[in-house]
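Engineer: sequence unknown, structure follows:
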């Protein structure tokens, strides 16, 4: 049995901790790419949320089931269409956008299914990544992007600036943005240089 | 483990989907463990096509261990120290529950006078038994294959009955290919001259050859190329070279013959006809629109309609080598339950044994069952 109140940042990954802090209590949440259910369990036990998950790896789905959570094995690229419009208060996509085949379509689904969406992703314009490319001339292998180019699941790298352009073009409203350098929240100033990681809270229109 | 093997006679006639009702229905069942004072620890296990109530006790005819004794028992994934487990033999079967080999009110075996039944009729009998046992609400209903169809039928047609529904390697509507396989099996039985229009009881002859062929065909569908290759490969049976005859040259041929023959010793051919017919008829969305297999999208939309109002938490498991009820069948159920807002988990587990994987050694499955029942 998992202990209640798993909301401390040392248990949740920093981006998940940001999301957990800003989800309204008692809301309905869809966690796309929910992993072993850590965030869902935290939202259920700490915030009284009704959380559901979608996850590619059956071992992770089984771990969710063992926590008393509801998760479906599936792929963000192909298995979001059956979810009805506005069926969740929040749709969450953490560190998954850059792994999808069609991030634009996945974003459409998130904003269709959830009244609001949390999206977190590693920033490919972080200074360490830029330095690595500039100086080494090779695809960077960093703490957040630890896998070589030929086996990385990250097939659509993006930057905070790319993401801002994308939401502006699509007329998506940004309700909140948080930037992380390691485990620390940092300000928005020069975030595209300084942030390893970004979390956005979005809604359509 | 406190184990009871008993029968229960229904006081009322059992109404059937076909419009008739059945008098004097007897249900054979087993229970394991004890119903607690709050009455909230009961689990109904629904068996598969040719299964029976002997979940964790030796089969009375073959002497083999119960069909799910690796899963049900003290300290096992379905823990009988914690749960009160009930498994009835299904309506139409031949292990003590009323079926075509039972005596009709006129004192003669029903044979083909037995009414054609449905999966929902089987579940209606289960519900009547549960009431008689003092079980108002189930902690869980669990079933694999045809047992999974019963579990789904219970969840939809008796929506206040089960808190949890665990469905293994099943479907919400019989796939066309399986209807075809089942018709093959039925035709094999009915083509056997010893079937005698189903009135073979007491004649000293029974359609063993037809039933054995039906079983052989079905048995192939329960396995996979991987499991057959692993078990038999192309190895020859007790010989160094091909015989250039029609004996069982290959081990797999010998194995199938054995499976077919041994099955006739424990199962009634008419029961096989009635139970497979009930499965062929199975479609949770029946009565909504039309009778063609709709597009996947329509099927899902109709299923979501059927699931609206269910109160249970669901868990669906498929297996990657199961080509009889492939993963797509479970996935569409999961998506439909999701669309209906029901809490549902679904996963495809890797296991080499084909459809039979739900009965065999798959540690990941044990963990899922245990986890789903934990809280």
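Structural biologist: Happy to help now that I have it. All figures in this text were calculated on a predicted structure; none of them were measured in a lab. Residues are numbered from 1 along each chain as shown, chains lettered A, B, ... in the order given.

Engineer: Would you mind checking the average pLDDT for the helix or strand hosting residue B:373?
Structural biologist: In the assignment (DSSP states H and E), residue B:373 maps to helix B:363-374. Across helix B:363-374, pLDDT averages out at 93.

Engineer: can you tell me the residue of chain A closest to chain B?
Structural biologist: residue A:66 (2.9 Å; Cβ to the nearest Cβ). Quick note: C-beta positions are derived from backbone N, CA and C, even for glycine.

Engineer: OK, contacts around that residue?
Structural biologist: Residues near residue A:66 by Cβ atoms under 8 Å, 6 or more residues apart in numbering or on different chains: B:367-368, B:370-372, B:374.

Engineer: if you skip the residues just before and after it, what's nearest to residue A:133?
Structural biologist: Nearest non-adjacent residue to residue A:133, counting by Cβ to Cβ, 6 or more residues apart in numbering or on different chains: residue A:140, 6.1 Å away.

Engineer: thinking again about what came up before, against residue A:57, how distant is the residue of chain A closest to chain B?
Structural biologist: Computed as Cβ to Cβ, to the nearest Å, the residue A:66 to residue A:57 distance reads 14 Å.

Engineer: Tell me where the chain is predicted with low confidence.
Structural biologist: I'll assume chain A. Within chain A, the ranges that satisfy pLDDT under 70 run A:1-10.

Engineer: ah, I was thinking of chain B
Structural biologist: In chain B, residues with pLDDT under 70: B:287-294.

Engineer: In it, which residue is most central in space?
Structural biologist: Nearest to the mean C-alpha position of chain B, counting by Cα atoms, centre = their mean, stands residue B:48 at 1.8 Å.

Engineer: Quick check, that one in contact with residue B:146.
Structural biologist: Yes: here residue B:48 reaches residue B:146: they are 4.8 Å apart, a contact under Cβ atoms under 8 Å.

Engineer: and the stretch 151-300 of chain B, which residues reach chain A?
Structural biologist: residue B:300 (Cβ under 8 Å from any Cβ of the partner chain).

Engineer: Backbone torsions only: list them for residue B:358.
Structural biologist: Dihedral pair for residue B:358: phi -70, psi -20, per degrees, to the nearest 10.

Engineer: ok, now how distant is it from residue B:33?
Structural biologist: Residue B:358 is 22 Å from residue B:33, by Cβ to Cβ.

Engineer: more crowded one of those two?
Structural biologist: Shown here are residue B:358 and residue B:33; by other Cβ atoms under 10 Å in any protein chain shown, residue B:358 has more neighbours (28 against 24).

Engineer: What is the distance between stretch A:176-194 and the centre of its chain?
Structural biologist: 15 Å (Cα atoms, centre = their mean, to the nearest Å).

Engineer: Need the contact partners of that stretch.
Structural biologist: By Cβ under 8 Å, 6+ apart, stretch A:176-194 touches A:9, A:14-15, A:18, A:22, A:123, A:125-127, A:130, A:159-161, A:195-201.

Engineer: which of these count as buried?
Structural biologist: A:14-15, A:18, A:123, A:125-127, A:159-160, A:195-201 (16 or more other Cβ atoms under 10 Å in any protein chain shown).

Engineer: May I ask which two of these are separated the most?
Structural biologist: Across these, the longest distance by Cβ to Cβ is 25.0 Å; it joins A:127 and A:201.

Engineer: what bridges to the spatially closest residue to residue B:133 that is not a sequence neighbour?
Structural biologist: Spatial nearest neighbour of residue B:133, excluding adjacent residues (Cβ to Cβ, 6+ apart): residue B:86 at 6.6 Å. Listed beta-bridge partners, residue B:86: residue B:31, residue B:44 (assigned using DSSP bridges).

Engineer: Identify the residues contacting residue B:86.
Structural biologist: So residue B:86 contacts B:29-31, B:42-45, B:129-130, B:133, B:135 (Cβ under 8 Å, 6+ apart).

Engineer: now with 7 Å?
Structural biologist: Shown in contact with residue B:86 (Cβ atoms under 7 Å, 6 or more residues apart in numbering or on different chains): B:29, B:31, B:42, B:44, B:130, B:133.

Engineer: Most neighbours among the residues you listed, which one?
Structural biologist: Of all the contacts of residue B:86, the highest neighbour tally under other Cβ under 10 Å goes to residue B:44, namely 28 neighbours.

Engineer: Which of the three states applies to residue B:8?
Structural biologist: In three-state terms, and counting by DSSP: H, G, I helix; E, B strand; the rest coil, residue B:8 is strand.

Engineer: how much space between it and residue B:260?
Structural biologist: Taken as Cβ to Cβ, the span from residue B:8 to residue B:260 is 33 Å.

Engineer: cool, residue A:35 as well?
Structural biologist: 47 Å.

Engineer: for residue B:353, same thing?
Structural biologist: Residue B:353 sits 19 Å away from residue B:260, going by Cβ to Cβ.
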